[in-house]
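Novice: Quick one, fold the following:
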Amino acid sequence: MPTSVPPRSSQVGDRTLELHPTGSPRKDGTRAAELSRTDLDQLLGYALMDYSDTYKLHTVAIYAVRFGFFSPWPIADLTEQLSGRPVDFPALRQEFAQVLRVELPAYWALQKPLA
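Specialist: Next comes the predicted model:
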């Protein structure tokens, strides 16, 4: 499964600031904020936890206050970039709910307590 996401850039005053996924090389010496896979997973986790689509989320975003940088990503585009294929997000949301509400508690119930 691909884990790279293209950098996002935004004009801040007279310069461009880029938000790079962690590990992306920076050869020109300009400043860049880093975005880890964990950060992206956390954004998608928030959207997945809207189990009944109450909030009708279609976009997630990062806002780097220090740089005045706002970078929105349509959920469909981000999930496709991360997985390398189109993703049925409503179906994924239901699978996620099943894991968190049913499968994970059943798994924990079978685990022996730590000594």
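Novice: all contacts plus neighbour counts: C-alpha atoms, from now on.
Specialist: Fine.
Novice: Next, the buried residues of whatever helix or strand residue 43 lives in.
Specialist: Using DSSP states H and E, residue 43 sits within helix 37-48. Neighbour counts over helix 37-48 (16 or more other Cα atoms under 10 Å) mark 40, 43-44, 47-48 as buried.
Novice: Tell me how many other residues crowd residue 94.
Specialist: When neighbours are defined as other Cα atoms under 10 Å, residue 94 has 17 of them.
Novice: Tell me the pLDDT of residue 3.
Specialist: Here, the pLDDT recorded for residue 3 equals 43.
Novice: go on, residue 84?
Specialist: 90.
Novice: Could I get the average pLDDT for the helix holding residue 43?
Specialist: pLDDT averaged over helix 37-48 gives 87.
Novice: Roughly how far does residue 104 sit from residue 38?
Specialist: 20 Å (Cα to Cα, to the nearest Å).
Novice: What of residue 77?
Specialist: In terms of Cα to Cα, residue 77 sits 17 Å off from residue 38.
Novice: before we move on, what about residue 102?
Specialist: 24 Å.
Novice: CA atoms only: put the helix holding residue 43 into PDB for me.
Specialist: Extracted C-alpha coordinates of helix 37-48, given in PDB (Å, rounded to 0.1, in the frame of the first residue of the first chain):
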ATOM      1  CA  ARG A  37       1.600   9.200   8.100                       C
ATOM      2  CA  THR A  38       0.300   9.200  11.700                       C
ATOM      3  CA  ASP A  39      -1.100  12.800  11.200                       C
ATOM      4  CA  LEU A  40      -2.900  11.700   8.000                       C
ATOM      5  CA  ASP A  41      -4.300   8.600   9.700                       C
ATOM      6  CA  GLN A  42      -5.500  10.700  12.600                       C
ATOM      7  CA  LEU A  43      -7.300  13.100  10.200                       C
ATOM      8  CA  LEU A  44      -9.000  10.200   8.400                       C
ATOM      9  CA  GLY A  45      -9.800   8.600  11.800                       C
ATOM     10  CA  TYR A  46     -11.800  11.600  12.800                       C
ATOM     11  CA  ALA A  47     -13.800  11.400   9.600                       C
ATOM     12  CA  LEU A  48     -14.300   7.700   9.900                       C
END
